[in-house]
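> Sequence and predicted structure below; questions after.
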Amino acid sequence: MKTSAVNKASIIQALRKAVEDKKDVSRYVRGEITRADLERKGIKLAKPL
Amino acid sequence: MPSHYKFHYIEEEIGYYFDTDLDVSYKVTFTESNTLSDLAEEGIANVYSVNIDRLGSDKKSVKDLRIGETVSYILTQFLSDRSNSILFVCSADNMQAYCRYRKFNGWYSNSSLKDQYIKSDLIAKGQTPEETYFTSVIYHPENPSAEAIEKAINTTKDYFDKDAA
């Protein structure tokens, strides 16, 4: 039987990470960190179209 | 309905820029996101988190319907590839999360996005009132991952609805 690893704590952790990543992208947009810094954190900018 | 501002894409910076009539600049950026895959415990491809950043202006915010129209237009372009879905997570800092969530919902509701795309919302509360995450996912009904996205959101909602009941 498959046991779910997802629970409230893991959900909050995933959302917390999403928000942290978003803050890092904002820092990149403001020129405070580089694209290489983003990539080191595993954040990949996506080509829109 | 107001027309959107003219925007342009800067290849080197991988993002869209536009300026408002009041000379306030915005940048719209997309990043690859694994958040839904983490929630679903299965891979959901082509999910992108969107950032909407106001750049270097200390001017007071004024209500400008064309900003929302422009963001919605950019999102529509992005979602024209039906395999793409967009994740919007509101930062929980400065207690502004709900305001940002409402603003994003307003942009969606006043745009043609609502006629073509599904928006699923999730409100997840952490251990403190400050740690509340307001999340929306927008996707096309014919997105190949539509079922998995819906399942991920609904399953996640169940965890938090139990407490609210």
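Now that the structure is in, tell me what you want to look at. Please read these numbers as outputs of a predicted model, since none were measured by experiment.
> so what's residue B:12 up against?
By CB atoms under 8 Å, 6 or more residues apart in numbering or on different chains, residue B:12 lies in contact with nothing. C-beta coordinates here come from the backbone N, C-alpha and C atoms, glycine included.
> before we move on, what SS does it have?
coil (DSSP: H, G, I helix; E, B strand; the rest coil).
> Then residue B:141?
Following three-state DSSP, we place residue B:141 in the coil state.
> and it, what does it touch?
By CB under 8 Å, 6+ apart, the neighbours of residue B:141 are B:117-118.
> Distance of residue B:103 relative to chain A?
Relative to chain A, residue B:103 is positioned 15 Å away (criterion: CB to the nearest CB, to the nearest Å).
> Which residue lies closest in space to residue A:33, excluding its sequence neighbours?
In this structure, residue A:33 finds its nearest non-sequential neighbour in residue A:27, 4.9 Å apart by CB to CB, 6 or more residues apart in numbering or on different chains.
> pretty sure that neighbour belongs to a strand, no?
No - using three-state DSSP, the assignment for residue A:27 is helix, not a strand.
> any idea which element residue 36 lies in?
Going with chain A. helix A:35-40 (DSSP states H and E).
> That was the other one, I meant chain B.
Using DSSP H and E, residue B:36 falls in helix B:35-40.
> Give the other helices and strands that that helix contacts.
helix A:8-29, strand B:47-55, strand B:85-90, helix B:146-164 (3 or more CB pairs under 8 Å, 6 or more residues apart in numbering or on different chains; DSSP states H and E).
> Need the residues that contact the helix or strand that the second one is followed by.
Which is strand B:47-55. Next along the chain after strand B:47-55, taking DSSP H and E as the criterion, comes helix B:65-79. Residues outside helix B:65-79 that contact it (CB under 8 Å, 6+ apart) are A:48-49, B:1-5, B:7, B:16, B:18, B:20-21, B:26, B:28, B:30, B:48, B:50, B:52, B:84-86, B:103, B:106-108, B:110-113, B:116-117, B:138-140.
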